[in-house]
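In: Model the structure of this input:
(chains A and B)
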Amino acid sequence: MDLILDALKQAFTILMTGQAYVVDVLLLSIRVSGSAIVLGVLLGMPAGIAAGMLRFPGRRVLIALIHTGFALPPVVVGLFVYMLLSRSGPVGSLGLLFTPAAMILAQSVLAAPYVAGITLAAVQAVPADVRLQALALGAGRWRAVWAHVREARLGLMAAIVAGFGAVISEVGAVMMVGGNILGETRVMTTAIVLETRRGNFATALALGLILLFFAFAANLALTHLQQRERGR
Amino acid sequence: MVLGATTTIEDSGLLVELQKSFAAGHPRFSLRTITGGSGEILQLGRRADVDVTFTHDPEAESTFVTEGHAEARRELMYNYFLIVGPEADPAALRGNRDAVEGFKRIAAAEAAFVSRGDQSGTHRKELFLWREAGLDPPEAKPDWYSEAGAGMGDALRVASERGAYILTEPGTFMVLRSQLRLAPLVEGDPRLLNRYALMRVNRTQHGEAADSLIAWLLGPASRDVIDQFGRAQFGDQLFRPR
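Out: I've put the predicted structure just below:
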């Protein structure tokens, strides 16, 4: 119990005093995972919409692949990106390893299946009538698809939220390709691992609470937006 | 019974060997091991979540004893840290046996250096060497000094990619050497001594098992395992028994 109280106290102090170190780490977390989710949406959302609405050969395989992506261990993605970007790897000359760019790349690979999978479920939950009505009202094929996707927008927002939550909380990939370098690639989760390894359990928990606090704030804002959309 | 061991012993593969050997001779005791930095293991010891600690930070271990968490530290084995760095050796460390002088040259050349930055035994030794050299990059954090808050293996990979110098525990370095572009540059300075010690946690619930484990680890059977470890695979022993 002492540990939890101590952690709460520390989290409060850090938040109140805005310690520069924690602020930098938190901002980098948001920047890395924010960029990763943007890339993940660009990759995953079209894939999810296509798999959910269009009929094409290999569609079932694509769906199975998307769902398998939910089970991708972050450290495996980290390892893959590491081998890609290592100086001895195929694009090592870019010098991207142990930079935020490498972390964004790894996390976007992790985010894409989440976004795709939830997008797929969301567009499939919209009754087919929507598209048929649009067609009956004289819309073209693509306009009808657009009307359908618009109808699924609450689910699409959920896809973004879930994908962001998955990547901002992962540690395996960013540790591997970022290296947890102070002032360069240290994010909240790797800082938590470090404090744990140093034996500073209370500080580690405090950082965890701060991460959760920001996730909560972000979700509250999104929920507000989402529910206003629904007119409630 | 839970043994808390520092990661360097696990990364090199010694821990598994010791564990197998102990289990074969003591079927009565169930031994679980968990690994972490020396700082983490000692913290677990303070909370009595491990029964025996196996770490390499003499200063922090002494504090642990002074605080009353253990009766004494028992030294089991040792080896020597190395300073490794890029083959090109821009700070001209090669052929020099003086580790403190090596650190001075790195600072003077402002050559890239990677620190563990994680309060591990290795990191504490690095801080000690900077103090001996009368320099303070760990506080001043100049551009050439990066703190990779990562384990030994990950930190070595960062150093290799950046062509940087790093202080390393020898076992992990030997295991990863073929994947790294790092050459051993400074070795043999007595100040690079790396001592591993055992402590029995006072509040242990498994006193008998903990005593047997420590007695066995300090005895001849474990001495053979430690002495032979690494000879076949790396052509050199990685740890020397006390």
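
In: Only C-alpha atoms from now on, for both contacts and neighbour counts.
Out: OK.

In: how near is residue B:196 to residue A:32?
Out: Plainly put, residue B:196 is 39 Å away from residue A:32 if you go by Cα to Cα, to the nearest Å.

In: swap in residue A:146?
Out: Computed as Cα to Cα, the residue A:146 to residue A:32 distance reads 30 Å.

In: who has more neighbours, these two?
Out: residue A:32 (24 against 15; other Cα atoms under 10 Å in any protein chain shown).

In: longest helix of chain A?
Out: Secondary structure of chain A per DSSP state H: the longest helix is helix A:20-53.

In: What are the buried residues along that one?
Out: By neighbour count, and taking 16 or more other Cα atoms under 10 Å in any protein chain shown as the criterion, the buried residues in helix A:20-53 are A:22, A:24-26, A:28-41, A:43-45, A:47-52.

In: gap between the very next helix or strand once past that helix and the chain center?
Out: Tracing the chain C-terminally past helix A:20-53 and defining elements by DSSP states H and E, one meets helix A:59-69 next. Here helix A:59-69 is found 19 Å from its chain centre; the criterion is Cα atoms, centre = their mean, to the nearest Å.

In: Which residue lies nearest the spatial centre of chain A?
Out: Among the residues of chain A, residue A:164 comes closest to the average C-alpha position under Cα atoms, centre = their mean, at 2.7 Å.

In: what sits against it?
Out: Residues in contact with residue A:164, defined by Cα atoms under 8 Å, 6 or more residues apart in numbering or on different chains, are A:33, A:34, A:37, A:111.

In: Which residues of chain B lie near chain A?
Out: For chain B, the residues found near chain A under the criterion Cα under 8 Å from any Cα of the partner chain are B:36-44, B:118-120, B:146-150, B:154-155, B:158, B:161.

In: out of these, which are inside helices?
Out: B:38, B:39, B:40, B:41, B:42, B:43, B:44, B:154, B:155, B:158, B:161.

In: Verify the stated contact: the fourth one with residue B:7.
Out: Read it as residue B:41. No: with contact taken as Cα atoms under 8 Å, residue B:41 and residue B:7 are classed as non-touching, separated by 9.7 Å.

In: and for the two, which residues touch both?
Out: The contact lists of residue B:41 and residue B:7 share residue B:35, where a contact means Cα under 8 Å, 6+ apart.

In: ok, those two, which is more surrounded?
Out: Set side by side, residue B:41 and residue B:7 give different neighbour counts by other Cα under 10 Å, the larger being at residue B:41 (28 against 23).

In: With residue B:129 as the reference, measure out to that one.
Out: With the distance defined as Cα to Cα, residue B:41 ends up 23 Å from residue B:129.

In: hey, where'd the strands end up in chain A?
Out: If you assign secondary structure with DSSP state E, chain A ends up with no strands.

In: And the strands in chain B, which stretches?
Out: B:2-6, B:32-36, B:52-55, B:74-80, B:82-85, B:113-115, B:145-147, B:165-168, B:183-186, B:193-200, B:240-241.

In: What strands line up against the shortest one, and which way round?
Out: The reference is to strand B:240-241. Using DSSP bridges, strand B:240-241 pairs in its sheet with strand B:74-80 (antiparallel).

In: Show me which residues of chain A are close to chain B?
Out: Taking Cα under 8 Å from any Cα as the contact definition, chain A meets chain B at A:86-87, A:97-98, A:175-176, A:179-182, A:191, A:194-200.

In: Counting neighbours, what do you get for the residue nearest to residue B:151 when sequence neighbours are not counted?
Out: Setting aside the residues directly before and after it, residue B:151 is nearest to residue B:116 in space (Cα to Cα, 6 or more residues apart in numbering or on different chains), at 7.0 Å. Counted with other Cα under 10 Å, the neighbours of residue B:116 add up to 26.

In: Identify the residues contacting residue B:116.
Out: Taking Cα under 8 Å, 6+ apart as the criterion, residue B:116 is in contact with B:122, B:123, B:147, B:148, B:149, B:150, B:151, B:152, B:155.

In: And it, its phi and psi?
Out: Backbone dihedrals for residue B:116, given as degrees, to the nearest 10, come out at phi -70, psi -40.

In: mind checking how far it is from residue A:173?
Out: 19 Å.

In: again, but for residue A:113
Out: Taking Cα to Cα as the measure, residue A:113 falls 15 Å from residue A:173.

In: For chain A, which segments are assigned as helices?
Out: Secondary structure of chain A (DSSP H): helices located at A:2-17, A:20-53, A:59-69, A:74-85, A:100-125, A:129-136, A:141-151, A:153-168, A:172-178, A:188-197, A:201-229.

In: and those helices, which is most packed in?
Out: Comparing the helices of chain A by mean neighbour count (mean count of other Cα atoms under 10 Å in any protein chain shown), helix A:172-178 ranks first with a mean of 28.

In: hmm, which helix or strand of chain A has the shakiest average pLDDT?
Out: One helix or strand of chain A scores below all others by mean pLDDT, DSSP states H and E: helix A:2-17, with a mean of 83.

In: name the helices or strands packed onto that one?
Out: Using 3 or more Cα pairs under 8 Å, 6 or more residues apart in numbering or on different chains; DSSP states H and E as the contact criterion, the secondary-structure elements in contact with helix A:2-17 are helix A:201-229.

In: The helix it packs on - what's its average pLDDT?
Out: Within the predicted structure, the mean pLDDT of helix A:201-229 is 85.

In: How about stretch B:45-63?
Out: In the prediction, stretch B:45-63 has an average pLDDT of 94.

In: Kindly check the end-to-end length of that stretch for me.
Out: 12 Å.

In: Tell me which residues are up against it.
Out: The set of residues external to stretch B:45-63 that reach it, using Cα under 8 Å, 6+ apart, is B:1-6, B:38-39, B:41-42, B:44, B:64, B:69, B:73, B:120-121, B:124, B:194-201, B:203-207, B:210, B:214.

In: now do stretch B:170-178
Out: B:8-9, B:11-12, B:79-82, B:152-153, B:156, B:234, B:238-239.
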